[in-house]
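Asker: Everything below, folded, please.
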Amino acid sequence: MISLSKIERWTNAERFEDLLDAVLSNGRPLPLALRLRLEQADGSRLSSAGLGLQRAVELSYFPAPAAIQLGRVIAEALVLNPARGEIPIAASAVAAAALVDLVAQCEACQMALSPELEHLIEDALAVFGRRLFEAQTTSAGGASEGLIGDEIDTAVVLWQAATRPGLSSVVGAFARLDLAERAVQRAGLWRRAETAPILLLASARRYSECRQSEQRPLTTAA
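Answerer: The predicted structure is shown next:
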């Protein structure tokens, strides 16, 4: 069973492979093609920190020390990476979604991050957005027009943006999700073995959010 204390311990020891294994074996199984993409050497640390932060946010009503620490790890990795143009899109999408989750959690419980970390996260999300813009611009005019990176990258971005208005806003400021969705349909990615399971994760996330909204009690005026 994964816990905040374990997440914090693995983060402190920089045991990000252990963190990723623990998250994926505790209620967050991923399709094989997606796991292989996230475990690629150039993005595995960012993927692990991103999924770890998403889980840490789920485990606590308030921003836990482990979550804040992972938020800093992710933001610094995105902002201070000297090869920003080579940041893997799938890994950065998971990481950016985690930062959005942390910010949303702080807003929900009316807690503020340090000004320095807030600015760092803002810069990190801007770096992520520009990376998507570059990737989608590169695909313009060709058979892959509209895709953000390759097919798997695009599916991951759509999965992570599903039901996350904050991430959709970040992405939408730099890239066009509608073009990405059209590219998915045009390329038949719903029928491909590598991408269909990832796109199903996005659909499942939207369905779960709708069900939760339906089950929330209605408030009536006094």
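
Asker: residues of the longest helix along the chain that come out buried?
Answerer: Using DSSP state H, we find that the single longest helix of the chain is helix 115-138. Neighbour counts using 16 or more other Cβ atoms under 10 Å place 117, 120-121, 124-125, 127-129, 131-136 of helix 115-138 among the buried residues. Using the backbone N, CA and C atoms, a C-beta is placed for each residue, glycine as well.

Asker: The spatially most central residue of the chain: what's it in contact with?
Answerer: Here the mean C-alpha position of the chain is nearest to the C-alpha of residue 94 (Cα atoms, centre = their mean), at a distance of 2.4 Å. Residues in contact with residue 94 (Cβ atoms under 8 Å, 6 or more residues apart in numbering) are 38, 46, 47, 50, 51, 54, 156, 160.

Asker: Okay, and it sits in which element?
Answerer: helix 89-108 (DSSP states H and E).

Asker: Now that helix: buried residues?
Answerer: 89-103, 105-106.

Asker: Please write out the alpha-carbon positions of that helix in CSV.
Answerer: Below are the C-alpha coordinates for helix 89-108, written out as CSV (Å, rounded to 0.1, in the frame of the first residue of the first chain):
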residue,chain,number,x,y,z
ILE,A,89,6.2,15.3,-24.4
ALA,A,90,4.5,12.3,-22.7
ALA,A,91,6.6,12.7,-19.5
SER,A,92,6.2,16.4,-19.4
ALA,A,93,2.4,16.1,-19.9
VAL,A,94,2.1,13.8,-16.8
ALA,A,95,4.4,16.2,-14.9
ALA,A,96,2.5,19.3,-15.9
ALA,A,97,-0.8,17.7,-15.0
ALA,A,98,0.6,17.0,-11.5
LEU,A,99,1.6,20.6,-11.1
VAL,A,100,-1.9,21.7,-12.1
ASP,A,101,-3.3,19.2,-9.5
LEU,A,102,-1.1,20.7,-6.8
VAL,A,103,-2.2,24.2,-7.6
ALA,A,104,-5.8,23.2,-7.6
GLN,A,105,-5.5,21.5,-4.3
CYS,A,106,-3.9,24.6,-2.7
GLU,A,107,-6.7,26.8,-4.1
ALA,A,108,-9.4,24.3,-2.9
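
Asker: Off-centre distance for the helix or strand containing residue 8?
Answerer: Element membership for residue 8 (DSSP H and E) is helix 4-12. On the basis of Cα atoms, centre = their mean, to the nearest Å, helix 4-12 sits 20 Å off its chain's mean C-alpha point.

Asker: who does it touch, helix- and strand-wise?
Answerer: helix 16-24, helix 44-58, helix 65-80 (3 or more Cβ pairs under 8 Å, 6 or more residues apart in numbering; DSSP states H and E).

Asker: So which of these has the densest surroundings on average?
Answerer: For the helices and strands packed on helix 4-12, the largest average neighbour count (mean count of other Cβ atoms under 10 Å) is found in helix 44-58, namely a mean of 25.

Asker: For that one, what is the distance to the chain centroid?
Answerer: 8 Å.

Asker: Let me know the average pLDDT across it.
Answerer: The average pLDDT within helix 44-58 is 94.
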